[in-house]
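K.L.:
sequence and predicted structure below; questions after.
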Amino acid sequence: MFDLSLPGMVGALIGGVIGWADFKMIGGLVGAKWMKSRSERGLGNHPNTKRFGDWIQFGIWCGTQLLFPVIGYWAGASLAG
C-alpha cells in the first residue's frame with residue numbers, strides 16, 4: 001500500500017498554496033491578454049470569447065492545482081528522508 005508521510009503532506013499543502021497563488025497571477029495575466037486580443041479584433045462581446053476564456057482559466061487551474069501539490073509532496077518526502 002502507499003504510505004503517506006507527514007513531511008510529504010506538509011510539502012503538498014505548501015505546494016497547493018503556491019499553486020493557488022501562481023494560478024491567480026498566471027490566470028489573470030493570460031485572461032487579460034486573451035480578452036485584450038479578442039477586443040482588438042472586435043470580438044470582445046462574442047459569446048465564445050468568455051466561454052473559451054473560462055476553459056483557458058480551467059486548464060491553468062488544473063495544471064497548477066494538480067502539479068504543484070504533487071511536486072510539493074515529492075520534495076517534502078524526499079528532503080525529510
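P.N.:
In hand now; what should we look at?

K.L.:
and the spatially most central residue of the chain, what does it touch?
P.N.:
Closest residue to the average C-alpha location of the chain: residue 64 at 2.7 Å, with C-alpha atoms, centre = their mean. With contact set as C-beta atoms under 8 Å, 6 or more residues apart in numbering, residue 64 has these partners: 19-20, 22-23, 26. For every residue, glycine as well, the C-beta is placed using N, CA and C.

K.L.:
most neighbours, which of those?
P.N.:
Neighbour count (other C-beta atoms under 10 Å) singles out residue 19 as the most crowded of the contacts of residue 64, with 22 neighbours.

K.L.:
where does it sit, in terms of helix or strand?
P.N.:
Assigned by DSSP states H and E, residue 19 belongs to helix 6-40.

K.L.:
tell me how far that helix lies from the chain's centre.
P.N.:
A distance of 4 Å separates the C-alpha centroid of helix 6-40 from that of its chain, computed with C-alpha atoms, centre = their mean, to the nearest Å.

K.L.:
low-confidence ranges, the protein, go.
P.N.:
Counting by pLDDT under 70, the chain shows low-confidence ranges at 1, 81.

K.L.:
look up how far residue 49 lies from residue 39.
P.N.:
Here the distance between residue 39 and residue 49 works out to 8 Å (C-beta to C-beta, to the nearest Å).

K.L.:
any shared contact partners between those two?
P.N.:
Common neighbours of residue 39 and residue 49 are not found (criterion: C-beta under 8 Å, 6+ apart).

K.L.:
between those two, which one's more packed in?
P.N.:
A side-by-side neighbour count of residue 39 and residue 49, using other C-beta under 10 Å, places residue 49 first with 17 against 12.

K.L.:
can you verify my assumption that that one contacts residue 43?
P.N.:
Yes. Using C-beta atoms under 8 Å, residue 49 is in contact with residue 43, at 5.6 Å.
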